[in-house]
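Participant: coordinates only, sequence not included:
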């Protein structure tokens, strides 16, 4: 059981590298050259790849919650507010999410870290 993650531009690169060192399947918008896309297009791409979008941008959370209200499906979103989640907690929680859940669990789900 595992789920792939898709990190937007707001997720620090060192966190992405730490997660990869822990064998977490994570793509980064900056590496995929999707970091210039509008938020809705990025969430659509993550959904098409069946990956949970990870962000520290509150606008993504608001957008995903609007999608929930209107019945628009997406592959899941994890929001980690920079003020409330330490670097270490971000890595630990994302590793747990990636390794202990699957894409079916995340269908149209929005979660905020810390867990």
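Facilitator: Structure received. This is a predicted model, so every value here is computed, not measured.

Participant: could you use CA atoms for every contact and neighbour count after this?
Facilitator: Will do.

Participant: state the helix or strand in which residue 67 lies.
Facilitator: In this structure, residue 67 sits in helix 58-70 according to DSSP states H and E.

Participant: for the helix or strand following that helix, which strands pair with it and how are they oriented?
Facilitator: Going down the chain from helix 58-70, the next helix or strand is strand 77-80, by DSSP H and E. Partner strands for strand 77-80, per DSSP bridges, with pairing direction: strand 51-55 (parallel), strand 110-113 (parallel).

Participant: compare these and give me the one nearest residue 64.
Facilitator: strand 110-113 (7.1 Å; Cα to Cα).

Participant: what lies in contact with the closest one?
Facilitator: The contact list for strand 110-113, computed with Cα atoms under 8 Å, 6 or more residues apart in numbering, reads 61, 64, 65, 76, 77, 78, 79, 80, 81, 85, 90, 93.

Participant: hmm, back to that, deepest-packed of the strands paired with strand 77-80, please.
Facilitator: Among the strands paired with strand 77-80, strand 51-55 has the highest mean neighbour count (mean count of other Cα atoms under 10 Å), at a mean of 27.

Participant: what are the contacting residues of that strand?
Facilitator: Residues contacting strand 51-55 (Cα under 8 Å, 6+ apart): 3-11, 43, 46, 75-80, 103, 106.

Participant: filter the residues you listed down to just the buried residues.
Facilitator: Listed as buried from the contacts of strand 51-55 are 3-11, 43, 46, 75-80, 103, 106; burial here means 16 or more other Cα atoms under 10 Å.

Participant: buried stuff in stretch 91-111?
Facilitator: Buried residues in stretch 91-111, counted by 16+ other Cα under 10 Å: 91-92, 94-95, 97-98, 102-103, 106-110.

Participant: of those residues, which is the nearest to residue 57?
Facilitator: Closest to residue 57, out of all of the buried residues of stretch 91-111 and judged by Cα to Cα, is residue 110, at 13.1 Å.

Participant: apart from its neighbours in sequence, what residue is nearest the closest one?
Facilitator: In space, and not counting its chain neighbours, residue 110 is closest to residue 77: 4.9 Å by Cα to Cα, 6 or more residues apart in numbering.
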